[in-house]
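Chemist: here's a sequence, model it:
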Amino acid sequence: MFQQRFLNRLLSVESSIAAIAYAAVAVLLLSDIVAREVFGFSILGAQKWAVFATTLAGFLGLVMATADNSHLRPRVFDNWLPKSIHAQVKRLGDFISAALFCTMGWYAAVYVGETFSNNDRAAVLYVPLWPIQLIIPYAFFACALRHLAFGCWPDLRPIESAGG
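Modeler: Now for the predicted structure:
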């Protein structure tokens, strides 16, 4: 199925970027520590870039949790409805989630646009913030896309993990 292949490939790219971002965090912070403790100087901007890489990985973690259907959620209401309508309720929940994520994505895009138009820059590094912030609307829209796909094609929804 095309939709499944597309979502799997997208997840593969997102997961790879998140892994690279976490590796960058480790390299940046360890390099800064070694430079400070061994050579007596700090690497300018290493901690700030590590924060940016952590933000990237964190937002991609949201996307990966959505793709894996492993978000934490309350289960107290699971048995209040008859089992016969659980599938319809899950689909409705996916459509509502898609709408909420689209709304958050829209506001995040407006926020990034404001950052761009104001020419906001990161402290210390003095680099534009908007390219770094693009992960925020991307993550929300990617989650919306997945929930929309789960609502339209319920077979795409991964089986919920026991811990989620």
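Chemist: from now on I want contacts and neighbour counts done on CA atoms only, so please keep to that.
Modeler: Will do.
Chemist: secondary structure element for Pro74, which one?
Modeler: In the assignment (DSSP states H and E), Pro74 maps to no helix and no strand.
Chemist: so what's it scoring on pLDDT?
Modeler: We note a pLDDT of 70 for Pro74 in this prediction.
Chemist: show me what the helix or strand hosting Trp106 is packed up against.
Modeler: Under the criterion of DSSP H and E, Trp106 resides in helix 86-117. Under the contact criterion of 3 or more C-alpha pairs under 8 Å, 6 or more residues apart in numbering; DSSP states H and E, helix 86-117 touches helix 130-133, helix 135-152.
Chemist: the inter-axis angle of that helix versus helix 135-152?
Modeler: 160 degrees (axes from the mean of the first three to the mean of the last three C-alpha atoms, to 10 degrees).
Chemist: picking that back up, could you dump the helices and strands packed on helix 86-117 to a markdown table with distance to Ile43 and mean neighbour count?
Modeler: Converted to a markdown table, the helices and strands packed on helix 86-117 look like this (distance: least, C-alpha to C-alpha, whole Å; neighbours: other C-alpha atoms under 10 Å):
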| stretch | distance to Ile43 | mean neighbour count |
| --- | --- | --- |
| helix 130-133 | 20 | 17 |
| helix 135-152 | 25 | 23 |
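Chemist: list the buried residues in the host helix or strand of Val34.
Modeler: Assignment of secondary structure by DSSP H and E places Val34 within helix 2-34. Under the neighbour-count criterion of 16 or more other C-alpha atoms under 10 Å, helix 2-34 has 7, 11, 14-15, 17-18, 21-22, 24-25, 28-29, 32-33 buried.
Chemist: okay, now the unreliable bits of this protein?
Modeler: The chain contains residues with pLDDT under 70 at 77, 161-164.
Chemist: re earlier: centre of the chain to the helix holding Trp106, how far?
Modeler: Centroid separation between helix 86-117 and its chain, computed with C-alpha atoms, centre = their mean, to the nearest Å, is 12 Å.
Chemist: tell me the buried residues in that helix?
Modeler: For helix 86-117, burial by neighbour count (16+ other C-alpha under 10 Å) applies to 91-106, 108-109, 111-112, 115-116.
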